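>>> Starting from these lines, generate the structure:
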Amino acid sequence: MAMTRLTCTEGGSSKFWEGQAEGASLTVRFGKIGTDGQTKTKTFASAAAADKELQKLIKEKLGKGYVEGDGAEDGEDGDGEAGEGEGGAFRTYGLFPDDWYEGANLGHAYELRFAKPPTPEAKLKIAALFEQKLAEGAAEPSPEPWLWSGPWALFYVGERAMGESGSSRDCFGAVFDVISKIDDVWPVDEAIFIGAREADDDEEGPPSDGPEYPGIDCLSDELFGRSRDSDLPAGKADQSFEAARKQARKPAAKPKVKARAAKGPKIEAGELEEAWMGRGGKEDAPAFVQQAIPADEPYPAIEERAGVYLVRYRVKSATRVAWLRQGKEPVLVDCSGLGSVPMSVLRADGGAALLWGFLKGEVRESTPEGSLRTLASGLGRVRGAAYAGAGFAVAAGDEVLLYSNVGDGEPVARAAVEEAGSVTAALGGAALVVGSEKAVHVLDARGGKLAAVGTIKYRDLAGFFEHEGKVYFRGSDDYGYREVKNVAEVLGLG
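Numbers count the residues shown, from 1 in each chain. Now for the predicted structure:
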């Protein structure tokens, strides 16, 4: 049977897939347009079975945006070979691990297979990018060295505790983002989470066999059905690469305050309080809450207001959100369309909650009875949301949006905040406190307007939250939290 060739260029992809059945054997070849890709052959019980599998794969590929036809010829990319700055779609393996939790030790390993061994110059760019892109946020670069073997590299990332501002599983999104950036520097063919406990559904077979890494147990090899290639040199550190990583790191800055020029109190950072100010853990929750959470989920996100609990917990690779009340059956929230890791925040009276997904551009509201409605959509990347007085606020992209009445559809005010992240309300909605990657911003939200009244600059901001009427933040290297002080005084309410 003639070979079938499909290509996909949707959404910036640059992939090809080929399939050919010959007798009882089926051979597929796939990868980036402009590379030789990978070839897999499988033998079936009969020629008819091989052809049936081929037709099934073709149908699936067409349903995923592939079209019949040719992209660039194999091995050609305009300059004759794959090289710097020519990244595209790469294959990923491994879903969320079972042992990822708040404050996890550094030690979650990822393995990359590049299209070809990176040049020394490309390695230096990758080293600086890795440190700089993970300097803030949920993922933290491990001090452990990268191990290299030809086109293969293994590296570790850890997870920063994010308080109420985010989920520990945000780390996986941050790792994927930095791999995508690395792919822009030097093309990546495969990205493998080698500590995975669950494989994704990949009909094109397991990842390629990688090299040995002395003293390292690649937990997912059996899961993925792969082995170690003894013909490859063992992975080892590159001293020039590690020196470039070290050079890219910068010492943490001291808190600096920039507030409007006026006499009187100003927004400032309080002293470091060496205590955990966040929500209670599973062991602190009432028995009826603990019983509703799977026994193998040790670190659920638990919120409580007025005796009403909203709980987020993992079941395999999906996040469930449930309302829990004493003497009543748990009520699961329909989070379809919000991505694999929906976020939530509970209203002060426990009568409703906001839900959103980072990449879905939508904010919804749920009640303890399970009703659900969309409050805002088309927002781009939603990084945070909070009730603010009678309305709510959303941090999306480089803006903070204020809605005066829940569900009225359009914001009444906008404020530009670069890389706006988590948002919470203070003083009954009179003020909004917004976290970005490098600062905490305080906005006056009275009168349906937003006006900046103070900024605390802080490098490596890791998260912030409201607790007992006060707002706290922390840096990634802080053991504890600092209060955002003088908000009421600056607004003339103290």
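>>> any chance you could map the helices in the chain?
If DSSP state H is used as the criterion, the helices of the chain fall at 47-63, 120-133, 170-185, 221-224, 239-248, 287-292, 487-490.
>>> residues near the residue lying closest to residue 187 once chain neighbours are set aside, how many?
Nearest in space to residue 187, with sequence neighbours left out and distances taken as CB to CB, 6 or more residues apart in numbering, is residue 115 at 4.1 Å. (Each C-beta comes from the backbone N, C-alpha and C, glycine too.) Around residue 115 there are 26 other residues, counting by other CB atoms under 10 Å.
>>> And the one 3 residues further on, by the same measure?
Per other CB under 10 Å, the neighbour tally for residue 118 reads 26.
>>> And for residue 413?
Taking other CB under 10 Å as the neighbour definition, residue 413 ends up with a count of 18.
>>> Please name the bridge partners of it.
Beta bridges link residue 413 to residue 402 when assigned by DSSP bridges.
>>> before we move on, what about residue 314?
Beta-bridge pairing for residue 314 (DSSP bridges): residue 319.
>>> Test my guess that it contacts residue 297.
Yes. Distance between residue 314 and residue 297: 5.4 Å, which falls inside the contact criterion (CB atoms under 8 Å).
>>> What does residue 445 show for phi and psi?
For residue 445, the backbone dihedrals (degrees, to the nearest 10) come out as phi -110, psi 20.
>>> Show the model's pLDDT score for the residue nearest to residue 45 when sequence neighbours are not counted.
Using CB to CB, 6+ apart and skipping residues adjacent in sequence, the residue nearest residue 45 is residue 24, 6.9 Å away. You'll see residue 24 listed with a pLDDT of 87.
>>> Give the full set of residues in contact with residue 24.
Going by CB atoms under 8 Å, 6 or more residues apart in numbering, residue 24 touches 43, 44, 45, 46, 47, 49, 50.
>>> What's the PyMOL line that selects buried ones from these?
Provided next is the PyMOL selection string for whichever of the contacts of residue 24 are buried by 16 or more other CB atoms under 10 Å:
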select buried, resi 44+50
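>>> quick one: which of the contacts of residue 24 is nearest residue 153?
residue 43 (33.2 Å; CB to CB).
>>> could you measure that closest one against residue 31, distance?
Summarising the geometry, the distance separating residue 43 from residue 31, computed by CB to CB, to the nearest Å, is 22 Å.
>>> Number of residues surrounding residue 68?
Quick note: residue 68 (other CB under 10 Å) scores 11 neighbours.
>>> Excluding residues flanking it in the chain, which one is nearest it?
In space, and not counting its chain neighbours, residue 68 is closest to residue 6: 6.0 Å by CB to CB, 6+ apart.
>>> Residue 28 is in contact with the one you found, correct?
No. Between residue 6 and residue 28 no contact is recorded; they are 10.5 Å apart, counting by CB under 8 Å.
>>> now the strands for the stretch 251-400 of the chain?
Secondary structure of the stretch 251-400 of the chain by DSSP state E, counting those that start in this stretch: the strands cover 256-259, 268-269, 301-305, 308-315, 318-324, 331-332, 343-346, 353-356, 363-366, 372-376, 382-388, 391-396, 399-403.
>>> now these in JSON lines, with mean neighbour count, mean pLDDT and distance to residue 94?
Written out in JSON lines, the entries for the strands of the stretch 251-400 of the chain read as follows (neighbours: other CB atoms under 10 Å; pLDDT from 0 to 100; distance: least, CB to CB, whole Å):
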{"stretch": "strand 256-259", "mean neighbour count": "15", "mean pLDDT": "44", "distance to residue 94": "40"}
{"stretch": "strand 268-269", "mean neighbour count": "18", "mean pLDDT": "89", "distance to residue 94": "39"}
{"stretch": "strand 301-305", "mean neighbour count": "19", "mean pLDDT": "87", "distance to residue 94": "23"}
{"stretch": "strand 308-315", "mean neighbour count": "20", "mean pLDDT": "87", "distance to residue 94": "15"}
{"stretch": "strand 318-324", "mean neighbour count": "20", "mean pLDDT": "86", "distance to residue 94": "15"}
{"stretch": "strand 331-332", "mean neighbour count": "13", "mean pLDDT": "93", "distance to residue 94": "27"}
{"stretch": "strand 343-346", "mean neighbour count": "23", "mean pLDDT": "87", "distance to residue 94": "22"}
{"stretch": "strand 353-356", "mean neighbour count": "24", "mean pLDDT": "91", "distance to residue 94": "25"}
{"stretch": "strand 363-366", "mean neighbour count": "22", "mean pLDDT": "92", "distance to residue 94": "29"}
{"stretch": "strand 372-376", "mean neighbour count": "16", "mean pLDDT": "88", "distance to residue 94": "31"}
{"stretch": "strand 382-388", "mean neighbour count": "24", "mean pLDDT": "88", "distance to residue 94": "25"}
{"stretch": "strand 391-396", "mean neighbour count": "26", "mean pLDDT": "90", "distance to residue 94": "29"}
{"stretch": "strand 399-403", "mean neighbour count": "22", "mean pLDDT": "91", "distance to residue 94": "34"}
